[in-house]
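Colleague: What shape does this take:
(2 chains)
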Amino acid sequence: MKKLLLLGDEALAQGAIDAGISGFYGYPGTPSTEIIEYVQQNKVAIEKNIHRTWASNEKTAMESAVGMSYAGKRTMATMKHVGLNVAADPFMNSAMTGANGGLLVAVADDPSMHSSQNEQDSRIFANFALIPCIEPSDQQECYDAAKHGFELSEKFKLPVLVRLVTRLSHSRSGVVQKEMINENKMKTPEDPNQFMLLPAFSRTKYNRLVPLQAELEKASEESPLNKYIDGSDKSLGIIACGLGYNYLMENVSKNNLKNPILKVSQYPLPRKYVEKIMNECDQVLVIEDGMPVVEQQLKGYVNGNTKIKGRLDGSLPRVGELNPNHVAKALNLADIHGQVIPDVVAGRPPALCVGCPHADTFKALKEAIKDETNARVFGDIGCYTLGFMPPYKAINTTLDMGASITMAKGASEAGLFPAIATIGDSTFFHSGMTGLMDCIYDKSNVVIVILDNSTTGMTGGQEYTGHGRIEAVCKGLGVEADHIRVITPLPKQHEENIKVFQEEMAYEGVSVIIPRRECVQTLKKKLKSRR
Amino acid sequence: MKKDIILAGVGGQGILTIATVIGQAAISSNMNLKQAETHGMSQRGGDVQSHLRISSDEIHSDLIPLGGADIILSVEPMEALRYLPYLHEDGWLITNSTPFVNIPNYPEADELYQKIKSVKNHVLIDADKIAKDLGSARSMNIVILGAAVKTLGLTLEQVEDAIKAIFGRKGQAIVEANIKALKAGFEAAK
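Modeller: Numbering: from 1, shown residues only, chains lettered A, B, ... in the order given. Below is the predicted model of the structure:
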């Protein structure tokens, strides 16, 4: 069969297409974005009209995927790790309803927080929901995870979480493609109450879910993704999870190590093998990218268990992504480095692009509040979070998607004035609208700046559901028409824009200012494709 | 045969194109490949890197170990130095000399050149100027690729074929401009 050169994200997408998926649902978020972007450009997916447009947020995506599963078809929800927090309600409950058509939840974690607010580990979420989790160790396993995951999901009638990490999502390698499977036919659940979570039903379902764990452990023991590699050096056994396995094998192959190894890419943990390695070896090192999930599980609560080594006892760093050198050190191998970085090398943090509309918005906003020493600007998630950096230094906070509006609201109710929110257009439709409703209801004294660059910029320029409807939505939610102001963030409009900011700060109530100019990156792409 | 390559630059300078061309050349000669990239927030005018590993044997880690890189291939002189901890003591530092200045505290270029020249195996060429003189300023990245062809253990023909395969869609003129840039870089590094 043909070998394709694919990112981990793309391999998972291609695997799902070949495994008969009928719909992808997701919201962009680094490092998960390329799953759906790949599908949107894939000829077969277009021909078969596999669902592939973006959802408003991760919660709506997850719910749509559950709906497609209800109707019997194979489907996948995609998101980044913090997106799963947004989708947590349907996600947790989908473990209770279970799946009908194969249901995969692909979540890309970002250890080291290359593009994220925290480094939460989605394996904990799978464990929390009591569902299986697949953690591929390479691109081929990403591809294979789709078919295997769908089968697992349909066999146990449960959603399956596929956990990726940045270095797999965004790393390319050769992938062998397998034969394409037909899509499922539409077929609603045999049990008409399967997706009904009235408390009486929920109790029954929970009583199915809990005992099912033993069977899931057995499935992990039989999974082709997990394997036990015998070794003669029993002084140390090694449990290597997901990508950690590659970093281990990098060192094993170079140094000809003979330790027993348990490779884990499917959870719950394969109990039989874990017991074997624990019984067989004097000590056990756990290598996992992200949080010490397995290590903690094995170690238990009471400290003093010195048999288990890993991130908790300092054998590996407690935080941040792993690399081959960390693993070498944990294995007591030489930790080779090249020369140190010369002092002359300066940091080069990310910055707003030259000509970015947000830059002009921040300049005008800064100028407008320069005499208001109590003014605070509540930021949000997107390129415009970079408005915190010099030379702008224009925003004070970032919490999560949509929090700019609601944090400004809460602060204003504590007496802070002027309370200003800056939020992007895509983020507004993701999670800003409900916060705006709260402001309208309470007649909060806030200025909400919706930076409209016509795209989801930070993740590379994806479309979003509410495009072209900001004013209509604000008006519909109850913002007074006179206090919905559209401005053009350009240097030549600078003075005029300052005036608009100041006028709306002076208004006691909910104001919305919409600086509107297209993202320079998407504009560049458009002009290029027209050429 | 095994080559571990750190590609370095600033977001938008075209290091991923270099990776794609080398990747294509490697794949068409049946080598294994892994290539880790930077996406997302850090791409916006920040430093970007790509770990590119090609080998006739199985490749395990997506990341190159520190001290393990055979080549640092950089389109920007300060960025070349940022990844020195990755460079093997016998490795090559191949870099463009034209600074990309988008920060207020960018160091004196001469200080950077001194450091670069202190690396045992190095190639320092003005790829921006070479590309401009050829009339295709945007092919600076391919000039740098040209400078690395020998160290990569590839032949000019292999890389030319890869360029044809990748840029073919964009028309003959673009293919030729890039092949010219490749050859100019190859010559400059001699």
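Colleague: can we go C-alpha only for contacts and neighbour counts from here?
Modeller: Fine.
Colleague: what's A:Tyr247 in contact with, if anything?
Modeller: A:322-324, A:327, B:60-61 (CA atoms under 8 Å, 6 or more residues apart in numbering or on different chains).
Colleague: What's the mean pLDDT across the host helix or strand of it?
Modeller: Per DSSP states H and E: A:Tyr247 is located in helix A:244-255. Averaged across helix A:244-255, the pLDDT comes to 96.
Colleague: near chain B, which residues of the stretch 201-350 of chain A?
Modeller: Residues of the stretch 201-350 of chain A found near chain B (CA under 8 Å from any CA of the partner chain) are A:246-247, A:249-250, A:323-325, A:336-342, A:344-346, A:348-350.
Colleague: ok, of those residues, which come out buried?
Modeller: Buried members of those, counted by 16 or more other CA atoms under 10 Å in any protein chain shown: A:246-247, A:249-250, A:323-325, A:337-339, A:342, A:344-346, A:348-350.
Colleague: need the contact list for the one residue sitting closest to the centre of chain B.
Modeller: When CA atoms, centre = their mean is applied to chain B, the residue found nearest the centroid is B:Leu73 (3.7 Å). Shown in contact with B:Leu73 (CA under 8 Å, 6+ apart): B:5-8, B:80, B:93-95, B:144-145, B:148.
Colleague: can we see that at 7 Å?
Modeller: B:5-8, B:93-95 (CA atoms under 7 Å, 6 or more residues apart in numbering or on different chains).
Colleague: Beyond the helix or strand harbouring it, next helix or strand please.
Modeller: Under the criterion of DSSP H and E, B:Leu73 resides in strand B:69-74. Going down the chain from strand B:69-74, the next helix or strand is helix B:77-82, by DSSP H and E.
Colleague: any residue of that next one up close to chain A?
Modeller: Yes - using CA under 7 Å from any CA of the partner chain, we find that helix B:77-82 touches chain A at B:78, B:81-82.
Colleague: Just the closest of these to B:Ser136, please.
Modeller: B:Met78 (23.4 Å; CA to CA).
Colleague: Return the set of buried residues in the helix or strand bottoming out on mean pLDDT in chain B.
Modeller: When the helices and strands of chain B are compared on mean pLDDT, DSSP states H and E, helix B:15-28 comes out lowest with a mean of 92. Within helix B:15-28, the residues scored as buried using 16+ other CA under 10 Å are B:15-16, B:18-27.
Colleague: pLDDT wise, what is B:Gln43 at?
Modeller: pLDDT, read off for B:Gln43, is 68.
Colleague: wait, A:Leu5
Modeller: 91.
Colleague: Can you give the contact residues for the one helix or strand it maps to?
Modeller: In this structure, A:Leu5 is located in strand A:3-7 according to DSSP H and E. Identification of contacts with strand A:3-7 by CA under 7 Å, 6+ apart yields A:139, A:169-177.
Colleague: Okay, helices next: where are they in chain B?
Modeller: Taking DSSP state H as the test, the helices found in chain B are B:15-28, B:77-82, B:109-117, B:127-133, B:140-152, B:156-167, B:172-188.
Colleague: Of these, which stretch is the most buried?
Modeller: Ranked by mean neighbour count under mean count of other CA atoms under 10 Å in any protein chain shown, these are led by helix B:77-82, which reaches a mean of 28.
Colleague: can I get the CA coordinates of it in PDB?
Modeller: Presented in PDB, the C-alpha positions along helix B:77-82 are these (Å, rounded to 0.1, in the frame of the first residue of the first chain):
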ATOM      1  CA  PRO B  77      22.500  34.200  12.100                       C
ATOM      2  CA  MET B  78      21.200  34.700  15.600                       C
ATOM      3  CA  GLU B  79      18.800  31.800  15.300                       C
ATOM      4  CA  ALA B  80      21.700  29.600  14.200                       C
ATOM      5  CA  LEU B  81      23.300  30.100  17.600                       C
ATOM      6  CA  ARG B  82      20.200  29.500  19.600                       C
END
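Colleague: Up against chain A, what does chain B have?
Modeller: B:33-37, B:40-47, B:60-63, B:65-67, B:78, B:81-89, B:103, B:105-107.
Colleague: Just the buried residues out of the residues you listed, in ChimeraX syntax.
Modeller: Selection of the buried residues among the residues of chain B next to chain A in ChimeraX, burial being defined by 16+ other CA under 10 Å:
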select /B:33,34,35,36,37,40,41,42,43,44,45,46,47,60,61,62,63,65,66,67,78,81,82,83,84,85,86,87,88,89,106,107
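Colleague: still on that earlier bit, do the helix or strand just after the strand holding A:Leu5 and chain B come into contact?
Modeller: Next helix or strand after strand A:3-7 toward the C-terminus (DSSP H and E): helix A:8-18. No - judged by CA under 7 Å from any CA, helix A:8-18 stays clear of chain B, getting no closer than 9.8 Å.
Colleague: Show me what helix A:8-18 is in contact with.
Modeller: Contacts for helix A:8-18 (CA under 7 Å, 6+ apart): A:32, A:34-35, A:38-39, A:45, A:139, A:142-144, A:146-147, A:168-172, A:179-181.
Colleague: Just the buried residues of whichever helix or strand A:Asn93 is part of, please?
Modeller: A:Asn93 is part of helix A:88-97, with elements assigned from DSSP H and E. Residues of helix A:88-97 classed as buried: A:88, A:90-92, A:94-97 (neighbour count, 16+ other CA under 10 Å).
Colleague: quick check: mean pLDDT across that helix?
Modeller: 98.
Colleague: Show me what it packs onto, helices and strands only.
Modeller: helix A:58-70, helix A:199-222 (3 or more CA pairs under 7 Å, 6 or more residues apart in numbering or on different chains; DSSP states H and E).
Colleague: what's whichever helix or strand comes after the first one packed up against?
Modeller: In this case it means helix A:58-70. As assigned by DSSP H and E, the chain's next helix or strand after helix A:58-70 is strand A:74-80. Contact here means 3+ CA pairs under 7 Å, 6+ apart; on that basis strand A:74-80 packs against strand A:21-26, helix A:58-70, strand A:103-109.
Colleague: Please tabulate those in JSON lines, including the columns mean pLDDT.
Modeller: As requested, those are arranged in JSON lines below (pLDDT from 0 to 100):
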{"stretch": "strand A:21-26", "mean pLDDT": "98"}
{"stretch": "helix A:58-70", "mean pLDDT": "98"}
{"stretch": "strand A:103-109", "mean pLDDT": "98"}
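Colleague: Would you mind finding the most buried of these?
Modeller: strand A:103-109 (a mean of 30).
Colleague: Spatially, which residue comes closest to the residue of the stretch 151-300 of chain A found nearest chain B, not counting chain neighbours?
Modeller: At 3.8 Å from chain B, A:Ser171 is the closest residue in the stretch 151-300 of chain A, using CA to the nearest CA. Closest residue in space to A:Ser171, ignoring its immediate chain neighbours: B:Ala36 at 3.8 Å, by CA to CA, 6 or more residues apart in numbering or on different chains.
Colleague: Identify the residues contacting that neighbour.
Modeller: A:167, A:170-172, B:50-52, B:62-63.
Colleague: hmm, try it at 10 Å
Modeller: A:7-8, A:166-173, B:6, B:16, B:19, B:49-53, B:61-64 (CA atoms under 10 Å, 6 or more residues apart in numbering or on different chains).
Colleague: returning to that earlier point: which two from the contacts of strand A:3-7 end up farthest apart in space?
Modeller: Checking these with CA to CA, the most distant pair is A:His170 and A:Gln177, at 18.9 Å.
Colleague: So which of those two has more stuff around it?
Modeller: Using other CA atoms under 10 Å in any protein chain shown as the criterion, A:His170 and A:Gln177 rank with A:His170 on top: 25 against 17.
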